[in-house]
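Participant: kindly generate the corresponding structure for this input.
(one chain, ligands or ions: 3)
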Amino acid sequence: MKILLVDDEPFALKLLSHQLATLGFGEVVSREHAADALALLESGDQPFDLILCDLQMPEIDGVEFIRQLVRIGYGGGLVLVSGEDSRILQTAERLSRAHRLNVLGALHKPVSPEQLQQVLENRASRAAAPRPVHKTYEREELRQAITGGRLVNYYQPMVDLASGAVTGVETLARWLHPEDGLVFPDQFIGTAEETGLIDDLTRTVLTNALHQACVWQAAGLHLQISVNVSMDNLGLLEFPDAVAEAAARAGIPSSNLELEVTESRLMKDPLASFDILTRLRLKRIGLSIDDFGTGHSSLAQLRDIPFDELKVDRGFVHGACRDSSIRAIFEASLGMARQLGMKTVAEGVEDQEDWDFLRTSGCDTAQGYFIARPMPAADLTGWMAAWEIRRRDLMASRP
Ligand code: C2E
Ligand code: MG
Ligand code: MG
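Facilitator: Numbers count the residues shown, from 1 in each chain. Ligands and ions are numbered 1, 2, ... in the order given. Prediction:
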């Protein structure tokens, strides 16, 4: 593996080279000036697999260097090194990831041999994520999909953190497209909102979810069913009555239904929305503030709307145990929810570290790939049987 070190401090370069040699990495080239490093990279004479770069450099600083790496299409690994405040280092790391650079980690100076080794071990497990292709669809095609039954519900389990028991599922819409296969909601919810199809879409998703809940209930499975609604659904004053009637028709107690609201678009008519949201709660239908912590769900909403559940956005869950900024925001959100008497859900639980952290955090419920990916309804009972076994192991270890 060929490694390039960039740091304006000669001593730091010496130390890192020595540490790398001890770890068995002998092919190391050092540069004190970022401009020289860039020239070397651009010449293409020596392709590098990994760059370790300091952030604080006099002429071209680390952030500018990152931008230049993107410009020249550098595809190898990158490790950021800095003596700066750890929040600056974390932000630079996020910036690099947003540029789709293959960031293996960020190291605080002075770098310890253990930290260095750990970051280098990340190399094998991480490859730069490909850019997803984003296609948008025309209104007419979406309308036909909704009326033609090509919109199906996937369900993602939510589990109680204290016991590991499955408490409910979140309904996530999918479009079974004849040519494009399974299309995800970020490719059609926006169109539905902009073209006035969102009421039809929500009605379809909700009806199917309630029907499925009825099937599960008959099999003895009493799950909370969460359904996402758009702020644009909250313009029709009849909405709460329609939802309550649909639940009654399916034989599902309204208290088993939770509507997740994200402010993806501005409230057109705040008074009507407040009216509708309050009447939903009066009908014992649950209201969850979704993606909490992002720009879409604000403290003002928390103040004005009688939510009974708060879902912390995955941006403040995954990695919270390692990142003190994320953790501070996560814990503050939980504290607020608790004081307001709300249930708490953490979304985006992706690995064992997230799970272990959450078990000690006081959060009620967890949802994420670590537990299960969204799945078709038919797969749920099979998954539950497997989860029962896994859950015993997970709960046996001390949090
Ligand atoms: P959301 O309500 O916040 O749903 C959670 C999203 O995060 C889902 O994406 C889910 O698959 C994904 N997810 C779950 N666990 C993890 C994890 O551990 N890591 C990561 N990285 N992601 C995870 P999906 O299904 O693509 O849905 C995206 C968004 O589309 C949803 O976000 C929701 O806002 C919206 N949406 C989905 N179905 C509907 C619907 O029927 N109506 C409306 N209005 N919006 C919907
Ligand atoms: Mg949701
Ligand atoms: Mg969410």
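
Participant: now the longest strand along the chain: how far from the chain's centre is it?
Facilitator: Longest strand in the chain, counting residues (DSSP state E): strand 166-177. On the basis of CA atoms, centre = their mean, to the nearest Å, the separation between the geometric centre of strand 166-177 and that of its chain is 16 Å.

Participant: now do stretch 385-399
Facilitator: On the basis of CA atoms, centre = their mean, stretch 385-399 is displaced by 24 Å from the centre of the chain it belongs to.

Participant: quick one: buried residues of it?
Facilitator: In terms of neighbour count (16 or more other CB atoms under 10 Å), stretch 385-399 has its buried residues at Trp387, Arg391, Leu394. No exception for glycine: its C-beta is placed from N, CA and C like everyone else's.

Participant: ditto for stretch 256-275
Facilitator: Of all the residues in stretch 256-275, those buried under the rule 16+ other CB under 10 Å are Asn256, Leu257, Glu258, Leu259, Glu260, Val261, Thr262, Glu263, Ser264, Met267, Ser273.

Participant: is ligand 1 contacted by that stretch?
Facilitator: Yes - counting by CB under 6 Å from any ligand atom, contacts between stretch 256-275 and ligand 1 involve Glu260, Thr262.

Participant: hmm, back to that, which one in the buried residues of stretch 256-275 is the model shakiest on?
Facilitator: pLDDT across these is at its lowest for Ser264, which sits at 67.

Participant: need the contact partners of the longest strand of the chain.
Facilitator: 142, 145, 150-160, 182-185, 187-189, 201, 205, 209, 223-228, 258, 260, 365, 367, 374, 380, 384, 387 (CB atoms under 8 Å, 6 or more residues apart in numbering).

Participant: return the list of strands paired to that strand, each annotated with direction.
Facilitator: Counting by DSSP bridges, the strands paired with strand 166-177 are strand 151-160 (antiparallel), strand 181-183 (antiparallel), strand 224-230 (parallel).

Participant: quickly compare the ones you listed and say which is most buried.
Facilitator: Between the strands paired with strand 166-177, the one whose residues have the most neighbours on average, counting mean count of other CB atoms under 10 Å, is strand 224-230 (a mean of 23).

Participant: how far out from the middle of the chain is that one?
Facilitator: Computed by CA atoms, centre = their mean, the chain-centroid distance of strand 224-230 equals 17 Å.

Participant: again, but for stretch 217-232
Facilitator: Chain-centre distance of stretch 217-232: 21 Å, with CA atoms, centre = their mean.

Participant: do any residues in that stretch lie close to ligand 3?
Facilitator: No - taking CB under 5 Å from the ion as the criterion, stretch 217-232 and ligand 3 are apart, separated by no less than 8.2 Å.

Participant: what lies in contact with the least confident helix or strand in the chain by mean pLDDT?
Facilitator: Confidence across the helices and strands of the chain bottoms out at helix 113-125, with a mean of 82, counting by mean pLDDT, DSSP states H and E. Where contact means CB under 8 Å, 6+ apart, the residues beyond helix 113-125 that reach it are 16, 19-20, 22-23, 25, 50, 77, 79, 104-105, 107-108.

Participant: in the sheet, who's paired with whichever residue of the stretch 101-250 of the chain sits closest to ligand 2?
Facilitator: Closest to ligand 2 within the stretch 101-250 of the chain is Asn228: 4.6 Å, counting by CB to the ion. Counting by DSSP bridges, Asn228 is bridged to Glu260.

Participant: pretty sure it contacts Ile289?
Facilitator: No - the criterion here is CB atoms under 8 Å, and Asn228 misses it with Ile289 at 12.0 Å.

Participant: mind listing the shared neighbours of those two?
Facilitator: What both Asn228 and Ile289 touch, as defined by CB under 8 Å, 6+ apart, is the set Glu260, Val261.

Participant: helices of the stretch 1-150 of the chain, residue ranges please.
Facilitator: Here the stretch 1-150 of the chain has its helices, by DSSP state H, counting those that start in this stretch, at 10-22, 34-43, 62-71, 86-98, 113-125, 139-147.

Participant: in this protein, where is pLDDT below threshold?
Facilitator: When the per-residue scores of the chain are filtered using pLDDT under 70, the ranges that remain are 124-133, 264-266.

Participant: care to break the chain down by domain?
Facilitator: As recorded under automatic domain parsing, the domains making up the chain are 3-128, 139-396.
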